[in-house]
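Trainee: Turn this into a structure:
(3 chains, ligands or ions: 2)
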Amino acid sequence: MADPRKPRPAFAPWDRREIPGLFDVDESARRVGIYKWIEMRLFETLGGWVATVPELDVKLVLGRHCYHHAWHAELWDKRLPELREMNTTRLTVPANDAMNEFMESIREPEAPELTIEKLVGVYRVLIPRKIAAYTYHLNATSRITDAPTQRSLGFILQDEHDDWTEGEMLLQSLIETEDEVDRASRRQVALEKIVLRAGGITGPGTLGDAPDSSGAQVEGATV
Amino acid sequence: MSHAISLTPEAFTLVKFDAAELLAIAEDAATAVGVPDDVSIAIDVDEALPGPLIASAAEAVPGKLSFWFSGGSFEDPKRLAMLQPEMSRTELAAAFLRGRDRLDGGFEDAPPDGEISERQRAIWDVYAEGRLAQQGGFLINEPRRRYSYRLRCGFSDVADAEYDRVWKAPSLSWTELEEIEGRLAGADTRPEARKPLRHESLRPS
Amino acid sequence: MKKNLPPSELARDSRFVRSTIMDAIMDPRNQALAERDLGSAKLQPGRPAAADRARNLMHGIFTGEIQALEGAGRTTFDFDDDEAPFALKLDMARQCWDESRHVEISVKLGEWMGTEIGEYNEATFLYEAACATDPILRLCGVNRALEGLAIDVFNTMREFGDISGDPVLEFCEDWMLADEVTHVKMGSDWLRRLTENDPERRERALEFQRGVDKLFSLGGFRGETDENPIQLARKLRAMAGFSTDEIDEISEISVQAQEDARAMSAGASAPS
Ligand SMILES: [Fe+2]
Ligand SMILES: [Fe+2]
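Mentor: Ligands and ions are numbered 1, 2, ... in the order given. Below you'll find the model as predicted:
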């Protein structure tokens, strides 16, 4: 075995992480606060819907997913003080009015015959948007300084992907007629328009700024 | 009607069963399982006993079959005090088969229902319902029958193998049933106190 | 979606048929049965019709689990951030997942026992306890009364599985029992935390719980004598945060409920 007292570098040769990231502490905290707000509104919505869907399999999946998003909210709640935000409710807000409107629209359907509308909102609009925003955060933030956020993002994204798949499969099994295809599409279009107005789930720049036509690089962008 | 069937009570007061409807179902069931036309049938329903207290007893003397049923045997599990025709037809047919067994089907020397063990009764019920399943046209809940049997005879591979054999048996006699019971008793590893040897009855004596 | 969904709006598929607790209490057969000596009412494997009684009870647990899931879910939704603490909502979301698993377990157990989904009617009185507009009343009604009853039922059925040698029943009950003890403890902890400085609110919540406990004693369904099919699980309740005095009180409530039911059914069948 090698001499245990021989000095070794802090970073193994294969560890290529670098310091720069797109987000400073404030920006990371802003996004995490928004994530927590979205996860809260989502787990409440799924919990509320459980009693309103007659399909037994959907009911049970919503009950399970309700806890997934509550756990995500808890992870973000714990991360906020570590990002210098001791008053965790201050940043637990929607990105803007349009996002508030978006979440209100997501949770609007109540009647037992509206399961397709309920699931489309969550599994075809919101969760894909969350996966995109979380993946962007994961890729854009510093792998050294913001590693705790990344670790949570990893766990959460695993849930989001699994839940997305399950929700999509439920939808495909519920949509049996062309009319239902139209219903699902109409619902998706209506919600996409609102979230478009919001600029994405964390507001404009959710997935970073559009590439500058002048060719200038975004400062610190390494990914 | 081709069978002489009597029903007690003549009109139900505690449940919302239509006596005429139950009689018609009994006639249909008797015909379906081949109760001879010259055998009369007496049905006594204890309407005070609700579902899920499902219980019955069968007696036979030459030319006459007599049955006792708890009201729960015919009650719709979904609708309080209402008759469930399909379930009633199966309960009646299974009991009629046991009556026929007693009359001339190899169970002539079986002790009265009140004296046979829970295990013997469970095996006999499997034999009766199994025949209805083979015949077809009856509402059969096989897993329910299997669970009732396992509760009385044990949750074991030996018990399951006997069950599968009895469920499909084209014929069985009381002597063979006693032999099966002996094998099941030998394989029942439950402590003595846990075996359902006690025989209680819902039927007022 | 509106807040506070009434029990009549609980969504079900076509297999489910609803009944009311009053239908059961006013059933004229109750009086006729009370006049007979049918022996111990305890749910034990050696008793007559034990299999069908167990199947019926397990179906009741199955629908109860659906309603517990719905109740916990509604508690995450019905209260705004300033009405219920964030941590309480997280607990309720966790309970949602647990109850969802309990429904799954109950469906599998139903298959094992030969019971179909919706085979028996469904009474919604369990969800009704989850309709209080004060979150702490709701937690007392659901987590301490409803889930407390679940402890009693699961413990009785675990014993039933053990005595009959049914490996599946005993296994399932054991796991559900573990979750329910946590849920009851959750209710006990939140009651203490939220009413620490508000004795009046605490008393209101406990009074509500007493009412629900009485309802759940269902005319002698749960108690400590041979007349009660379901036995009060003292040890497990103590683990879940009930004091001996509180358990004694539930026992007394059960006796009272049994007497009330006798009087009601005697009144119902008396000639007018
Ligand atoms: Fe439960
Ligand atoms: Fe529970």
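
Trainee: How many neighbouring residues does the residue in chain B that chain A sits nearest to have?
Mentor: Chain B approaches chain A most closely through B:K78 (16.7 Å), counting by Cβ to the nearest Cβ. Every residue, glycine included, has its C-beta placed from N, CA and C. For B:K78, the neighbour count with other Cβ atoms under 10 Å in any protein chain shown is 18.

Trainee: What of C:A41?
Mentor: Residues lying near C:A41 (other Cβ under 10 Å) number 18.

Trainee: Look up the closest residue to the residue of chain B closest to chain A, ignoring the ones flanking it.
Mentor: C:V17 (4.1 Å; Cβ to Cβ, 6 or more residues apart in numbering or on different chains).

Trainee: wouldn't the one you found be in contact with B:P77 here?
Mentor: No. Applying Cβ atoms under 8 Å, one finds C:V17 not in contact with B:P77, separated by 9.1 Å.

Trainee: Give me the more crowded residue out of those two.
Mentor: Using other Cβ under 10 Å as the criterion, C:V17 and B:P77 rank with B:P77 on top: 23 against 16.

Trainee: isn't that one right next to B:S88, touching?
Mentor: No. Using Cβ under 8 Å, B:P77 is not in contact with B:S88; the gap is 12.0 Å.

Trainee: Need the residues touching each of C:V17 and B:P77.
Mentor: Common contact partners of C:V17 and B:P77 (Cβ atoms under 8 Å, 6 or more residues apart in numbering or on different chains): C:N121.

Trainee: What are the phi and psi values at A:A140?
Mentor: phi -90, psi -30 (degrees, to the nearest 10).

Trainee: where does the closest residue to it other than its chain neighbours land in three-state SS?
Mentor: In space, and not counting its chain neighbours, A:A140 is closest to A:L22: 4.1 Å by Cβ to Cβ, 6+ apart. Here A:L22 is coil, with the state taken from DSSP: H, G, I helix; E, B strand; the rest coil.

Trainee: Compute the distance between the closest residue to C:T133 other than its chain neighbours and A:E44, please.
Mentor: Leaving aside its chain neighbours, C:T133 sits nearest to C:N4 (6.6 Å; criterion: Cβ to Cβ, 6+ apart). If you measure C:N4 against A:E44 using Cβ to Cβ, to the nearest Å, the figure is 14 Å.

Trainee: And those two? Which one has more around it.
Mentor: With neighbours defined as other Cβ under 10 Å, C:N4 and A:E44 compare such that A:E44 has more, 29 against 11.

Trainee: The more buried one is in contact with C:T76, isn't it?
Mentor: Yes. With contacts counted by Cβ under 8 Å, A:E44 reaches C:T76, the gap being 4.9 Å.

Trainee: what do the two both touch?
Mentor: Common contacts of A:E44 and C:T76 (Cβ under 8 Å, 6+ apart): C:K89.

Trainee: where does chain B have low pLDDT?
Mentor: Scanning chain B for pLDDT under 70 picks out the ranges B:1, B:192-200, B:205.

Trainee: In it, where's the longest helix?
Mentor: helix B:85-104 (DSSP state H).

Trainee: send the alpha carbons of that one over as CSV?
Mentor: Extracted as CSV, the C-alpha positions of helix B:85-104 are listed here (Å, rounded to 0.1, in the frame of the first residue of the first chain):
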residue,chain,number,x,y,z
PRO,B,85,-80.7,-12.9,-6.0
GLU,B,86,-77.5,-14.3,-7.5
MET,B,87,-75.8,-14.9,-4.2
SER,B,88,-79.0,-16.4,-2.8
ARG,B,89,-79.2,-18.8,-5.7
THR,B,90,-75.7,-20.1,-5.1
GLU,B,91,-76.3,-20.5,-1.3
LEU,B,92,-79.5,-22.4,-1.9
ALA,B,93,-78.0,-24.6,-4.6
ALA,B,94,-75.0,-25.5,-2.5
ALA,B,95,-77.2,-26.4,0.4
PHE,B,96,-79.5,-28.4,-1.9
LEU,B,97,-76.5,-30.3,-3.1
ARG,B,98,-75.6,-31.1,0.5
GLY,B,99,-79.2,-32.2,1.1
ARG,B,100,-79.0,-34.5,-1.9
ASP,B,101,-75.6,-35.9,-0.6
ARG,B,102,-77.4,-36.8,2.7
LEU,B,103,-80.4,-38.3,0.8
ASP,B,104,-78.5,-40.7,-1.5
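
Trainee: ok, is that helix in contact with chain C or not?
Mentor: No. Judged by Cβ under 8 Å from any Cβ of the partner chain, helix B:85-104 stays clear of chain C, getting no closer than 10.3 Å.

Trainee: Next secondary structure after that helix?
Mentor: helix B:118-135 (DSSP states H and E).

Trainee: Much appreciated, bye for now.
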